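**Student:** Structure of the sequence below:
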Amino acid sequence: MKHYLKATEFKGQKLPYPAKESDVKPKPETEGDNYKAAGKLKGKVALITGADSGIGRSVAIAFVKEGAEVAIVYNINTDDAEETKMLCEKYGGKCLIIQADVRHKEACNEAVKKTVVEYGSLNILVNNAAYQSAQKDFLAITEEQLRRTFDTNIIAYIFMAQAALPHMHEGDSIINTGSIVGKTGIPILIDYSATKGAIHSFTKSLALNLGEKGIRVNCVIPGPVWTANIPGTMPVEEVENFGHEVALKRPGQPEELPPAYVLLASDDGSFMTGSFIEVTGGKLSSD
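**Tutor:** Residues are numbered from 1 along each chain as shown. Down below sits the predicted model:
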């Protein structure tokens with residue numbers, strides 16, 4: 001069993017947004033060096049948004065280990081995206097990097113088009129891009145912040161699904177990244193929590209809509225996970241002892257999330273649709 005840092009080992013820090021993964025201390029663990037692949041996605045093509053770092057990067061790496069060809073979408077941090085590509089290639093995979101602002105429908109259409117042109121098909125869509133900005137005062141949430149949060153976290157998921165679906169067939173899969181705070185709430189991320197709740201409802205409804213076509217739609221619900229987004233968006237006091245509130249008394253590392261995505265993307269999850277997989281370290285949704 002690999003040792004992961006406990007919450008007490010995380011010190012308060014603040015980085016400018018959008019934070020680069022290379023600036024985060026300690027650096028998030030994303031490679032999944034203990035992951036044992038079994039060729040579960042051989043011959044599949046996956047498009048993953050928000051995959052320059054963090055959970056998205058780890059999912060991309062796991063997918064190529066499982067035999068998939070991947071395209072990753074990122075917005076700003078080119079250096080991080082290039083590192084994701086390098087890591088995918090390190091494990092023998094192909095990785096197309098696409099810079100796009102998924103808040104815009106045409107950008108989503110273009111990302112899907114580039115993926116299909118490069119690889120010839122599209123079987124798996126992972127909606128993972130996210131934006132958050134912590135505000136202790138509810139009245140401090142500006143219209144600009146509110147629209148950016150909703151445009152990135154839920155409207156972009158709908159745009160990406162609409163762009164991808166014409167290329168998808170029976171047995172293909174859409175996986176959305178939700179959050180435990182979409183179930184529990186959190187006082188400093190009200191708008192973000194609202195979008196994550198919307199993602200959960202979107203997952204259920206789209207799964208019902210696409211059931212007859214045999215296209216599965218599911219959602220992974222992370223708890224506290226140590227990514228560049230945490231010191232880049234959260235107050236210093238929230239970063240201190242990050243993850244202390246869960247049963248395992250530590251945050252998750254990005255590399256601990258991909259097995260759930262692989263399950264939902266592969267034939268192992270063939271009878272799963274409209275499902276939520278909570279990977280939270282013991283942060284119960286009933287809390």
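**Student:** Next one: the nearest residue to residue 246 once chain neighbours are set aside relative to residue 201, how far apart?
**Tutor:** Among residues not flanking residue 246 along the chain, residue 281 sits closest, at 3.7 Å (C-beta to C-beta, 6 or more residues apart in numbering). (Each C-beta comes from the backbone N, C-alpha and C, glycine too.) According to C-beta to C-beta, to the nearest Å, residue 281 and residue 201 sit 24 Å apart.
**Student:** Show me which of the two is the more surrounded one.
**Tutor:** residue 281 (22 against 13; other C-beta atoms under 10 Å).
**Student:** So that one is in contact with residue 243, correct?
**Tutor:** Yes. The criterion here is C-beta atoms under 8 Å, and residue 281 meets it with residue 243 at 6.6 Å.
**Student:** which residues are in contact with both of those two?
**Tutor:** Common contacts of residue 281 and residue 243 (C-beta atoms under 8 Å, 6 or more residues apart in numbering): 223-224, 250-252.
**Student:** for stretch 19-34, the distance to its chain's centre please.
**Tutor:** 15 Å (C-alpha atoms, centre = their mean, to the nearest Å).
**Student:** same check, this time on stretch 164-184
**Tutor:** 10 Å.
**Student:** how about that stretch: buried residues?
**Tutor:** 164-165, 167-168, 172-183 (16 or more other C-beta atoms under 10 Å).
**Student:** between the shared contacts of residue 281 and residue 243, which is closest to residue 115?
**Tutor:** residue 252 (28.1 Å; C-beta to C-beta).
**Student:** List the residues that contact the closest one.
**Tutor:** Counting by C-beta under 8 Å, 6+ apart, residue 252 has contacts 4, 222-226, 243, 279-281.
**Student:** same question, residue 81
**Tutor:** 51-52, 72, 74, 97, 99.
**Student:** All set, thanks.
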